[in-house]
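> give the three-dimensional model of this entry:
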Amino acid sequence: MNTFGNTSATQARANDVPTAAGRYLTLAVHTAGLRCLVVGGGRVGTRKALKLADAGAAVTVLAPEITGRLRQAVRLGRVHWRQAEYDPAELDNFLLVVAATSDAALNVRIGRDCEVRGILSCVASSASSSRVIFPAEYDDGEITVAVHSRGRDCRRSQQLRDDIAAELRRHRAAGQAGIEPIPRPLTPGPSPRRRGEGRTFWDRQIVYLVGAGPGAPDLISVRGYRAVRCAEVVLADRLVPRTFLEELGIPAAGKTIRWLEDGARRWSQAEINRWLVRHARAGKVVARLKGGDPFVFGRGDAEIDYLSEQGVPWEVIPGCSSATAVPTAAGLPLTRRGQAHSFAVATARVSGGEIAGSFPRADSLVILMGAGVLDQVVARLLTDGWPADTPAAVVERGTLAWERRVAARLSQLGAAAEDAGVGPPAVIVVGSAAGTGMGSRRRRILFTGSNPADVRGWGEVLHWPALGSWPEGELASPHPELGRPLPAHDVICFTAPAGVGAYWTTYGAAAFRGEVWCLDAATRRTLARHGIRARLVTPRTGSMPGPLQYGPHDHPVPPHLDDLDRPAPLDDLAIGDHVDERLSESGLAAGG
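Numbering: from 1, shown residues only. As a prediction, the model looks like this:
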């Protein structure tokens, strides 16, 4: 039980709940790892749970059912869900409790139960019963503003928060341009102006050209993250994942967000330029989110030229280009001491969509935007004098889910990629880097869960999630992308019984012919009931799974990874030994 103050005195005040007339001390609490319980999985509970999770708290949601957004957060590992009705015993071991059920009387009772135990609580339906209230908050990555009205008028708090945030953005934009900001009232009325009439600096705001990196949201720079977080308008490239902001914990509420090529029509560069200027002149902070780096085949120069002509302030924030980030993430070193001293980057297509007339020579060559015309690229390289047996590789969707890697001699690369089902977007690597890949020394792990972060140190990880997002009110279902040809792998790792069912339904026994790992006992039991022997592994920093160990009756023995320091040699793995060929298709489809 966690308490604050004197326990007996707290119990004596069980009925002495807070009142609206009481004072609130506004504190900033470091919530990283703070154990928080949210009771209720509806709209309000979802909002509170995700806010706490965004702040780094260890959040558990207690509810019989939860919303689709919470299910997504559970799948991503941001929130833990305990599927049960409320019981006072559930409060123990938590430092903060939020009562957010649809039953106002129950919420008040939860608040009183917390008082008895000396646990801080927020009663969503009754500010007068709350020890803690959630203020309206603005955070631009450097400054945080919190406004509250002691729970009396949330809308007023939110409006004042928005006014303060707008003023802070004006001051920041003015400071970046070296202009002394001029104070404005916090609650101005609408003041539309015609173009060029009475404009001052803060009416133009600023446009950030942000390099989003190679694909994975967590590879964006800190400065880029801050720019996107404080932006009011975001225009993102087509290849930027639609979940980009969500995975970074950036709320979409209050932002205007557009993706290029959403719909049938393709945006021209002139339309993009005008769109940026129009929103900047409307007094907005704009983030132009570009894949990779804005100046590496990103047309960032065309956009800043236009912004400069229109007198709109801008800043370019570099990003990791896929030309270097994707080979690096795939274990393909572009330079190597004593072996490779140079690398070149080229685009497969030139203006008008034609194949480049020639490609540069270097120890390693990286070619972008060439997966759709791979045969023509290979033919051009051979014509340019590259030997037919030059090592080559293609990495599809590098750093993202559904990544696929294919390696072959240059003359055979097109056929190998076609057999594997490789398609755009992909990066082509030719030369030394493809021949000295570090990934060939490690296990290739096909990870079927939602977040592979904890297993990346164990080998070359390909993230192929088994389950898709859960719309509200629906059960887990196979990911809509499942069905692509499986990439070559040494290990397949499952994190949930439903994931096992999804892979069996889609691929049958073929998906289980290599070594099989699982991360929890329930998944292992599901696999065992269907004749699949799996290894229970627990991700821990600095630990790696060692050789397989099986106990009596062929049931897996969970290894203690802290006692193991050597990965199993791939040559020692008996591929195919982990599947009982007598499995029935109907047996595993139910998912345990």
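> low-confidence stretches in the stretch 301-450 of the chain?
Judged against pLDDT under 70, the low-scoring parts of the stretch 301-450 of the chain cover residues 437-440.
> can you give me the helices for it?
Taking DSSP state H, counting those that start in this stretch as the criterion, the stretch 301-450 of the chain carries its helices at 322-329, 374-383, 413-420, 432-435.
> so which residue is smack in the middle of the chain?
Here the mean C-alpha position of the chain is nearest to the C-alpha of residue 247 (Cα atoms, centre = their mean), at a distance of 3.1 Å.
> neighbours of the nearest residue to residue 304 once chain neighbours are set aside, how many?
Counting by Cβ to Cβ, 6 or more residues apart in numbering, the nearest residue to residue 304 once its immediate chain neighbours are dropped is residue 314, at 5.4 Å. (C-beta placed from N, C-alpha, C; glycine too.) The burial metric for residue 314, expressed as a neighbour count using other Cβ atoms under 10 Å, is 21.
> and residue 314, what are its bridge partners?
Under the criterion DSSP bridges, residue 314 forms beta bridges with residue 207.
> from residue 117, how far out is it?
The spacing between residue 314 and residue 117, counted by Cβ to Cβ, to the nearest Å, is 54 Å.
> phi first, then psi, for the residue nearest to the centre of the chain.
Main-chain torsions, residue 247, degrees, to the nearest 10: phi -70, psi -20.
> go ahead and confirm it touches residue 217.
Yes. Contact status for residue 247 versus residue 217: in contact at 4.3 Å, counting by Cβ atoms under 8 Å.
> what residues are shared contacts of those two?
Residues touching both residue 247 and residue 217 comprise residue 241, with contact defined as Cβ atoms under 8 Å, 6 or more residues apart in numbering.
> what does the domain assignment say about the protein?
7-134, 139-176, 203-320, 323-436, 442-589 (automatic domain parsing).
> now do the same end-to-end measure for the fourth one.
Using Cα to Cα, to the nearest Å, the gap from the first to the last residue of domain 323-436 comes to 17 Å.
> centre of the chain versus that domain, how much separation?
The gap between where domain 323-436 is centred and where its chain is centred comes out at 27 Å by Cα atoms, centre = their mean, to the nearest Å.
> where's residue 320 relative to residue 535, distance?
Here residue 320 is placed at a distance of 34 Å from residue 535 (Cβ to Cβ).
> I misspoke; the intended subject was residue 482.
Using Cβ to Cβ, residue 482 is found at 23 Å from residue 535.
> those two: who's more crowded?
Neighbours were counted for residue 482 and for residue 535 using other Cβ under 10 Å; residue 535 has more, 24 against 21.
> is it true that the more buried one touches residue 519?
No. Proximity of residue 535 to residue 519 does not meet the contact threshold set by Cβ under 8 Å, at 10.1 Å.
> can you count the residues close to residue 39?
Using other Cβ under 10 Å as the criterion, residue 39 is surrounded by 25 other residues.
> partners of it in the sheet?
In this structure, residue 39 bridges to residue 62, residue 99 when assessed by DSSP bridges.
> isn't it up against residue 88?
No. Look at residue 39 against residue 88 with Cβ under 8 Å: they stay out of range, at 10.6 Å.
> pLDDT weak spots in the protein?
Screening the chain residue by residue with the criterion pLDDT under 70, one finds the ranges 1-22, 141, 170-204, 262-265, 437-440, 469-476, 539-592.
> related to what we said a few turns ago, between the helices of the stretch 301-450 of the chain, which gets nearest to residue 454?
Comparing the helices of the stretch 301-450 of the chain against residue 454 with Cβ to Cβ, the closest turns out to be helix 322-329 (16.7 Å).
> what sits up against stretch 366-377?
The set of residues that contact stretch 366-377 without belonging to it, under Cβ under 8 Å, 6+ apart, is 297, 322-324, 327, 334, 343-349, 355, 359, 394, 396, 413-414, 417, 422-430, 433.
> how long is it from one end to the other?
Between the start and the finish of stretch 366-377 there is a gap of 12 Å, counting by Cα to Cα.
> buried set for it?
Taking 16 or more other Cβ atoms under 10 Å as the basis for neighbour counts, the residues of stretch 366-377 that come out buried are 366, 367, 368, 369, 370, 371, 373, 374, 376, 377.
> most widely separated two among those?
366 and 376 (17.1 Å).
> okay, helices next: where are they in the stretch 101-250 of the chain?
Listed in chain order, the helices of the stretch 101-250 of the chain (DSSP H, counting those that start in this stretch) span residues 104-117, 154-176, 222-230, 244-247.
> adding distance to residue 307, write these out as CSV.
As requested, the helices of the stretch 101-250 of the chain are exported to CSV (distance: least, Cβ to Cβ, whole Å):
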stretch, distance to residue 307
helix 104-117, 50
helix 154-176, 13
helix 222-230, 15
helix 244-247, 23
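> residue 412: neighbouring residues, count only.
Using other Cβ under 10 Å as the criterion, residue 412 is surrounded by 15 other residues.
> that one and residue 223, how far apart?
Between residue 412 and residue 223 the distance, using Cβ to Cβ, works out to 43 Å.
> I'd say residue 69 and residue 43 touch.
No. Between residue 69 and residue 43 there is no contact under Cβ under 8 Å: 9.1 Å.
> higher neighbour count, the two?
Neighbours around residue 69 and residue 43, counted as other Cβ under 10 Å, are more numerous at residue 69. The numbers are 20 against 13.
> confirm that one sits in a helix?
Yes. The assignment for residue 69 is a helix, going by DSSP: H, G, I helix; E, B strand; the rest coil.
> what residues are up against the closest residue to residue 397 other than its chain neighbours?
If you skip the residues right next to it in sequence, residue 397 has residue 403 as its closest partner in space, 4.9 Å away by Cβ to Cβ, 6+ apart. Contact analysis of residue 403 by Cβ under 8 Å, 6+ apart lists 395, 396, 397, 462, 463, 487.
> name the residues of stretch 270-289 that are buried.
Neighbour-count burial for stretch 270-289, counted by 16+ other Cβ under 10 Å, picks out 272-273, 275-277, 279-281, 283-289.
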